[in-house]
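Student: The sequence isn't on hand, but the structure is:
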């Protein structure tokens, strides 16, 4: 690639979420040259989603004064089961008609005229925090993304740890044998107590059984159909008992699950991100650290527990890093 | 080291256990040339233990027709907190007077006239299974040593994973928030249900409260002061209800804890070793695999679960490998 010797090429990154597509174009120093955002299609199927991804990164490139073919590569952080080698995405339940497997990478690559690399959204966000965010000073860490579900991404000795492709499921650490039913169908997982979807289901169930809560009233007032991070935050501020109890249990479950991961891996740091994690901020990051402590085997040397630093652009930034890393690998 | 080019030097390995010291000398192909065994001192302090380690490996060397100074190195697998760089061992609770830190490696090295490398006993045994035993065909695995406590050793992508030095504590994965008290002082750990010491404490407690069991009678009959693996096995064969219940709970806790580790790391294989693991054998290895299954997030692709293959010599063989690996590292 002699071109890259003359000018360090710009790269693209796309964060494919359940509600929105965030695209960026960055230069070699990860400075953002252009951004674009589109809603994720709610109907149609994978080709329709792919078309919106292409459009979003094209917009971001134009904002940077570039065509996508001038980008050295584009990375995509996607939900679902990602096969990085083939660029395929399977079983992305939150995306329309994406129950099966779709060749996202190869199709996009042809469309955009530049190599496209696909990876798991949580891993990509973890990598972004590791390289550019709250994890910069560490070599080994776990990113815990506290949102609708609980995602986890591992960096071990400077490299993402993927296992056989499915690593990072800290949300499905069993913290209570025979405990609460998890959206995954199993019992007693961290996510059964701490995932936003599971907490909402639990709140609705207890409300039906007669427990008082302002959670549902707040949803109606703010025109929400789901108990978003903001709704939970408001309920906590108003000292709603049910919300407080459920969040207390969530923090306890997160503490036990993350401590178990630290007992197993003895990592330097834990980065707390995700919709709820970022919304609740530093105070809750500290609460999680305190909830971990009683379960840490080496409690004289706990890991650093830090709040994610990159906010909304973390996913797209991480995806753009993917493009750089994979490119290097292929041209070596 | 020109000598090693002429003849591949023999190496020593020592497994330092709470009751016995097992020493071996092997050639470059890991063929055992000599072995020796000594009881671990029950009185005195670290220097007395070190003297017995030196005597044991000297005996093993003599059995192989060698002096220890002719060995290319000696590895030691030790309990307690091991600092590999300094060769120190701290807080080895099962060894006499070993509450503090002792420079085991440097002292032994001087005594034996060859470099001595110290590592954690569980890690060393895991490495042995990985290189020479049940884990040979895998690149990433966890060794779970089911004995007095529950130890764990990780091999990730062909290398031992140590974290900041304290990795592998799968015995202290929290499987039941607010659950049974663990010998470590915490609650709900895998070891609280599955460790032999914890099971014995629980059996004695329930017996005192009036539950019937033949466990204590069996101990007396066989002249044991502790509920050894063999005692548990006999009680199970005679369908003792309390023993059966406790072992069922142990298997359930192991299943949940190991499944959580797999959900996090997505490893290829789990190797079950340790006093109880090896004693109970293949049938229980399969029971643990079945107990894991309900908790596996990627349950369509469970890891292989295999019984440790090296038996009693695993620890010493693993220690001898340590000597080879560290030697290579230093002479590169």
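Tutor: Received, thanks. Small disclaimer: the values here were computed from a predicted structure and weren't measured. Numbers count the residues shown, from 1 in each chain, chains lettered A, B, ... in the order given.
Student: Now do the same for residue A:3: its pLDDT.
Tutor: pLDDT, residue A:3: 45.
Student: before we move on, what about the one 4 residues further on?
Tutor: Residue A:7 is assigned 48 on the pLDDT scale.
Student: Would you mind measuring from residue A:76 to chain B?
Tutor: For residue A:76, the distance to chain B equals 21 Å [CB to the nearest CB, to the nearest Å]. No exception for glycine: its C-beta is placed from N, CA and C like everyone else's.
Student: my read is that residue is in a helix, agree?
Tutor: No: counting by DSSP: H, G, I helix; E, B strand; the rest coil, residue A:76 is not part of a helix but strand.
Student: So residue A:210: helix, strand or coil?
Tutor: Residue A:210, by the three-state scheme (three-state DSSP), is coil.
Student: try residue A:34
Tutor: Quick answer, by three-state DSSP: residue A:34 is strand.
Student: Give me the phi and psi angles of residue A:139.
Tutor: Residue A:139 adopts backbone torsions of phi -100, psi -30, taken as degrees, to the nearest 10.
Student: Contact partners for residue A:13?
Tutor: Remark: with contacts taken as CB atoms under 8 Å, 6 or more residues apart in numbering or on different chains, residue A:13 is in contact with A:23-26, A:74-77, A:315-323.
Student: Where do the helices of the stretch 51-200 of chain A begin and end?
Tutor: Along the stretch 51-200 of chain A, the segments classed as helices by DSSP state H, counting those that start in this stretch run A:104-112, A:121-132, A:190-194, A:196-208.
Student: Chain B is nearest to which of the ones you listed?
Tutor: helix A:190-194 (8.9 Å; CB to the nearest CB).
Student: do the longest helix seen in chain A and chain B meet at all?
Tutor: What stands out as the longest helix in chain A, according to DSSP state H, is helix A:241-265. Yes: Helix A:241-265 is in contact with chain B by CB under 8 Å from any CB of the partner chain, via A:252, A:253, A:256, A:257, A:259, A:260, A:261, A:263, A:264, A:265.
Student: could I get the helices of the stretch 51-200 of chain A as a markdown table with mean neighbour count, distance to residue B:61 and mean pLDDT?
Tutor: Listed next are the helices of the stretch 51-200 of chain A as a markdown table, based on neighbours: other CB atoms under 10 Å in any protein chain shown; distance: least, CB to CB, whole Å; pLDDT from 0 to 100:
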| stretch | mean neighbour count | distance to residue B:61 | mean pLDDT |
| --- | --- | --- | --- |
| helix A:104-112 | 20 | 58 | 97 |
| helix A:121-132 | 27 | 47 | 94 |
| helix A:190-194 | 30 | 51 | 97 |
| helix A:196-208 | 18 | 60 | 96 |
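Student: on that earlier part again, next helix or strand past the longest helix of chain A?
Tutor: Remark: after helix A:241-265, the chain's next helix or strand is strand A:269-273, criterion DSSP states H and E.
Student: Name every strand pairing with that following strand and say which way it goes.
Tutor: Looking at strand A:269-273 with DSSP bridges, its partner strands are strand A:141-146 (parallel), strand A:304-307 (parallel).
Student: Can you tell me what sits against that strand?
Tutor: Residues contacting strand A:269-273 (CB under 8 Å, 6+ apart): A:125-126, A:129-130, A:133-135, A:138, A:140-146, A:258, A:262, A:284-285, A:288-289, A:292, A:303-308, A:314.
Student: list the contacts for residue A:321?
Tutor: Contacts for residue A:321 (CB under 8 Å, 6+ apart) come out as A:13, A:30, A:75, A:124, A:127, A:128, A:131, A:132.
Student: just residue A:323 next, same as before
Tutor: Counting by CB under 8 Å, 6+ apart, residue A:323 makes contact with A:11, A:12, A:13, A:71, A:72, A:73, A:74, A:75, A:115, A:116, A:117.
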